[in-house]
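Participant: what follows is a predicted structure for the sequence shown.
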Amino acid sequence: MLNRRSFMKGLAGAATLGGLAACTGTTTRARAHVLVIGGGYGGATAAKYLRMWSQGAVDVTLIERNPAFVSCPMSNLVVGGYRELADISVSYAALQSKWGVRLITDEATAIDPARRTVSTAANGVLSYDRLVLSPGIDFITTAVPGLEGNFERLPHAWKAGPQTVLLRQQLQDMPDGGVFAMHVPKSPYRCPPGPYERACVVASYLQRHKPRSKVLVLDANAEIQSKKALFTKAFQGYGKLIDYVPNSDLRSVDATSRSAELEFDRVRADVLNVIPPMRAGSIAVRAGLPLVNGRWVDVDWLTMEAKGVAGVHVLGDALLPAPGMPKSGHMANQHAKLAAAAVLNLLAGEPPSSAPVLTNTCYSFVDDRNAIHVASVHQYDADKRQPMPVEGAGGLSTAASDLEGQYAFAWAKNIWADMLA
Amino acid sequence: MVRPRLRRKSSRAHAKKESKVKLSPILASLCLLGLGISNGGAAAAADANLARNLAATCANCHGTDGRSAGGMDSLAGEARDRLMQKLLAFKSGSRPATIMHQIARGYSDEQLALIAGYLSAQRAHE
């Protein structure tokens, strides 16, 4: 196909040449250039929508360290043995071939917001007119003594990929009668329902293959953080297979014996899955972006720009969320569209939309096929200067169902296509 | 491949014109629905991309521009009135759903009308 895209690209370029260049100011480029760091739910969506909504008039470069996208949502099914890693992986090829995104497989190492440049490990220094930063999260490993450098023995599996496979392997290798212990960090953390989904999916595997075993959920929080009633019911359905222990503050771990030191207890496990405390991806920290509690990036919700840092738009789990807004892939995709629309308006010298809307939908599996959801809609509140959840909207499943399990798979298929196809 | 190429070219050339033309039937439909032009309508007039941006909040589940990748209803190219009817039925609760009643309640009727208008104007197939 010579293709409709490149044909359109040429056309769009010719049509917009003068206009956009005039607005960028800091550069001699003929066309505006938006650099996107991070090809997850936020960054990949932003890259595609910037190209799609500008009809190819804006150049977009995506810097992503991994050769393919691997989804965190659905990855618990890989841990449980119900899906393979390949089932939750998607190529970046269409972003390049269909949408004309320039893909650089590399690590962004530093951002200089004043000079509008990004340093990379292998591709030198790149300049941008606007930067979209979707850095995800990084772990504060030092918060749990004994954890640093031991993720092979104590997998987190909270970034999908080799860690997911490793946790799966350890679960498979566990003897019948063994203990699968997991630790949930204090909120906020990536994917509020994720740990409880993992407990259910692992229990479902154990029920079938190692019924004398146990899932021990050590939660640093006082209660289940998402879909509480639904997960409580799911846990009850597994009987003695799941032991949920709230207020379990993790003091330290010992990788050799796979044991966890709690305030009043010491637990030895056969598999020890510690989800560590986390914060915005380290590049956001190194770039000197405004962090709340030293962890999460504070943004202007009309443009997604980091507060006080012009031209750097931040998305996804790295953000200090607005009220009721979870750190989810779905929400990152919504952040990305808000940011893409704002970036294109700003490049054209127009104000951003004054009334953005975002939605969230999170499906969780309670076994290999039945799922539950939580949903919300967030409308921008001009007085509060942030999106607020709409009262009376959103909500939860009435019960786990096979139908919602099918919707969960359809959700994954559609959102992956919305980002990457 | 000649046909779609020509089509894309002409639709691109008239892109600006189209976006202005699109608004009037949507506003007309608001009046027909007896909703009048309140804040939503005024914002729509000021922001040419409002309908597009609102409809993009549906794409996570229903596909980019409402073209489903499978397992979920495709909305692109559906008749506007039918889409609007469905959305309002979800919102009122008269149409049974697992999740859409919860989502639809998050939008004003004016916003739902903009979404229906945008999605109905999309090609059903890429």
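Facilitator: Thanks, I have the structure now. What you see is a predicted model, and the numbers here were worked out from it, not measured in a lab.

Participant: quick one, what contacts the residue of chain A at minimum distance from chain B?
Facilitator: Nearest residue of chain A to chain B, counting by CB to the nearest CB: residue A:377, 2.3 Å away. C-beta here means a position set from N, CA and C on the backbone, and glycine is covered the same way. Shown in contact with residue A:377 (CB atoms under 8 Å, 6 or more residues apart in numbering or on different chains): A:357-360, A:389-390, A:393-394, B:103, B:105-107.

Participant: if we use 10 Å, what do you get?
Facilitator: Residues in contact with residue A:377, defined by CB atoms under 10 Å, 6 or more residues apart in numbering or on different chains, are A:324, A:357-361, A:387-390, A:392-394, B:57, B:102-107, B:111.

Participant: just the buried ones out of these, please.
Facilitator: Using 16 or more other CB atoms under 10 Å in any protein chain shown as the burial test, those include A:357-361, A:387-390, A:393-394, B:57, B:102-107, B:111 as buried.

Participant: returning to that earlier point: what's the first helix or strand after the helix or strand harbouring the residue of chain A closest to chain B?
Facilitator: Using DSSP states H and E, residue A:377 falls within strand A:371-381. Note on strand A:371-381: by DSSP H and E, the next helix or strand toward the C-terminus is strand A:386-389.

Participant: show me the shaky parts of the stretch 51-200 of chain A.
Facilitator: In the predicted model, the stretch 51-200 of chain A carries no residue with pLDDT under 70.

Participant: and the helices in it?
Facilitator: A:75-79, A:93-97, A:162-173, A:194-209 (DSSP state H, counting those that start in this stretch).

Participant: just put those in CSV and tack on distance to residue A:46.
Facilitator: What follows is the helices of the stretch 51-200 of chain A, written out as CSV (distance: least, CB to CB, whole Å):
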stretch, distance to residue A:46
helix A:75-79, 22
helix A:93-97, 11
helix A:162-173, 24
helix A:194-209, 23
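
Participant: dump those helices to JSON lines, plus mean neighbour count and distance to chain B.
Facilitator: Converted to JSON lines, the helices of the stretch 51-200 of chain A look like this (neighbours: other CB atoms under 10 Å in any protein chain shown; distance: least, CB to the nearest CB, whole Å):
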{"stretch": "helix A:75-79", "mean neighbour count": "26", "distance to chain B": "16"}
{"stretch": "helix A:93-97", "mean neighbour count": "16", "distance to chain B": "11"}
{"stretch": "helix A:162-173", "mean neighbour count": "18", "distance to chain B": "22"}
{"stretch": "helix A:194-209", "mean neighbour count": "24", "distance to chain B": "17"}
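
Participant: of these, which is nearest residue B:49?
Facilitator: Comparing the helices of the stretch 51-200 of chain A against residue B:49 with CB to CB, the closest turns out to be helix A:93-97 (22.0 Å).

Participant: give the burial count for the residue nearest to residue A:111 when sequence neighbours are not counted, as a bare number.
Facilitator: Once flanking residues are discounted, residue A:111 sits nearest to residue A:287: 3.9 Å by CB to CB, 6 or more residues apart in numbering or on different chains. For residue A:287, the tally of surrounding residues (other CB atoms under 10 Å in any protein chain shown) stands at 24.

Participant: and the pLDDT for residue A:287?
Facilitator: Looking at residue A:287, its pLDDT stands at 95.

Participant: which residues touch the residue in chain B that chain A sits nearest to?
Facilitator: Distances between chain B and chain A by CB to the nearest CB are smallest at residue B:106, namely 2.3 Å. Going by CB under 10 Å, 6+ apart, residue B:106 touches A:357-359, A:375-379, A:389-394, B:57, B:91, B:112.

Participant: tell me the pLDDT at it?
Facilitator: For residue B:106, the predicted pLDDT is 98.

Participant: how about residue A:229?
Facilitator: 98.

Participant: buried ones in the helix or strand harbouring it, by neighbour count?
Facilitator: Assessed by DSSP H and E, residue A:229 sits inside helix A:228-237. Residues of helix A:228-237 classed as buried by neighbour count (16+ other CB under 10 Å): A:230-231, A:234-235, A:237.

Participant: ok, stretch A:292-303 next?
Facilitator: Here stretch A:292-303 shows A:295-297, A:299-303 as buried, counting by 16+ other CB under 10 Å.

Participant: with those in mind, which one is nearest to residue A:369?
Facilitator: Among those, and counting by CB to CB, the member closest to residue A:369 is residue A:296, at 34.8 Å.

Participant: now the closest one: closest residue in space that isn't a chain neighbour?
Facilitator: According to CB to CB, 6+ apart, the nearest residue to residue A:296 is residue A:320 (3.8 Å).

Participant: gap between that neighbour and residue A:297?
Facilitator: Residue A:320 sits 6 Å away from residue A:297, taking CB to CB, to the nearest Å as the criterion.

Participant: who touches both of the two?
Facilitator: In contact with both residue A:320 and residue A:297: A:280, A:290-291, A:307, A:314, using CB under 10 Å, 6+ apart.

Participant: contact partners for the residue minimising distance to the centre of chain A?
Facilitator: Closest residue to the average C-alpha location of chain A: residue A:329 at 4.6 Å, with CA atoms, centre = their mean. Applying CB under 10 Å, 6+ apart to residue A:329 gives the contacts A:40-42, A:45, A:71-74, A:190-191, A:316-317, A:360, A:362, A:411-412, A:415-416, A:419, B:60.
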